[in-house]
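S.K.: Fold the stuff below for me.
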Amino acid sequence: MQLQSSGIVALIVRTSLVFVAVCSSATAGDWTPISREQALEQTRSTQLDKRRLAYGRLAEIGTMDDIPVLLAALWDDEELIRGIAEQSIWGIWMRTDDPVADPLFQTGMQLIVEDEADAAIDKLNQVIELKPDFAEAWNRRGDAYATLGDEDRALADYERAIALNPYQFGAMTSCADIWMTRSNYRKAADYFRRALDLNPNLSEAADALQSLEEKLENDRI
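M.R.: Alright, predicted model coming up:
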């Protein structure tokens with residue numbers, strides 16, 4: 001049984017575009033060439049353009065230490081800032097900063113999009129062997145297992161990704177989807193809540209959580 005395969009592919013496509021943009025930004029000159037420290041300082045600017053450039057720059061040169069700053073921006077009043085901040089989060093998460101692992105990882109994501117899950121798993125296995133603490137490789141391998149209907153392995157990989165990156169709201173929603181297919185609505189609701197506590201802009205997760213909470217409330221009556 002395939003698990004939300006169209007949603008997984010859509011997410012891979014979106015984040016693959018972020019990955020390509022991040023890898024090419026240095027040569028394309030998409031962002032003002034400011035330092036990481038300047039970008040972090042500029043996120044506090046009252047000028048929208050400066051903040052936009054700062055959050056975008058962090059996608060290229062930011063580190064995992066900068067994720068809390070970007071997560072806070074997901075609650076910003078400006079929709080533009082929220083969107084750029086989320087892209088920057090994914091940009092940081094998808095960078096191995098390793099010249100061997102990065103192309104393997106990118107190929108693995110593309111193979112998932114092309115519905116070549118087994119080949120994707122082979123590539124991601126190589127990434128994990130090279131960079132065992134790279135959370136996103138585990139998350140994406142979970143996606144590949146999910147498209148094959150292997151729930152147990154998908155859950156194990158998602159949980160490993162969350163253990164390595166406690167902010168990984170994408171892996172949390174993926175866990176929720178699996179628990180929904182297993183009719184464990186309390187666990188599904190818990191994962192959706194955890195994801196939304198980190199990123200309130202996950203509209204599909206919010207809708208799913210609302211439906212689950214209504215169902216759970218009705219079941220108590």
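
S.K.: distance of the residue nearest the centre of the chain from Tyr191?
M.R.: For the chain, the residue nearest the mean C-alpha position is Gly170 (4.5 Å; Cα atoms, centre = their mean). For Gly170, the distance to Tyr191 (Cβ to Cβ, to the nearest Å) stands at 11 Å. C-beta: built from backbone N, CA, C; applies to glycine.

S.K.: Tell me if I'm right that the residue nearest to the centre of the chain and Trp138 touch.
M.R.: No - counting by Cβ atoms under 8 Å, Gly170 does not reach Trp138; the two are 11.7 Å apart.

S.K.: How about the contacts made by Gln42?
M.R.: Gln42 makes contact with 34, 50-51, 53-54, according to Cβ atoms under 8 Å, 6 or more residues apart in numbering.

S.K.: Other residues contacting whichever helix or strand Asp157 is part of?
M.R.: Assigned by DSSP states H and E, Asp157 belongs to helix 151-164. Helix 151-164 is contacted from outside by 3, 133-136, 138-139, 141-143, 145-146, 168, 171-172, 174-175, 178, 181-182, using Cβ under 8 Å, 6+ apart.

S.K.: in the chain, which helix or strand is least confident?
M.R.: Lowest on mean pLDDT, DSSP states H and E among the helices and strands of the chain sits helix 5-28, with a mean of 48.

S.K.: and the next helix or strand after that one, how far out from the chain's middle?
M.R.: Per DSSP H and E, the first helix or strand lying C-terminal to helix 5-28 is helix 36-42. Between the centre of helix 36-42 and the centre of its chain there are 23 Å (Cα atoms, centre = their mean, to the nearest Å).

S.K.: and what of stretch 33-41?
M.R.: Stretch 33-41 sits 23 Å away from the centroid of its parent chain (Cα atoms, centre = their mean).
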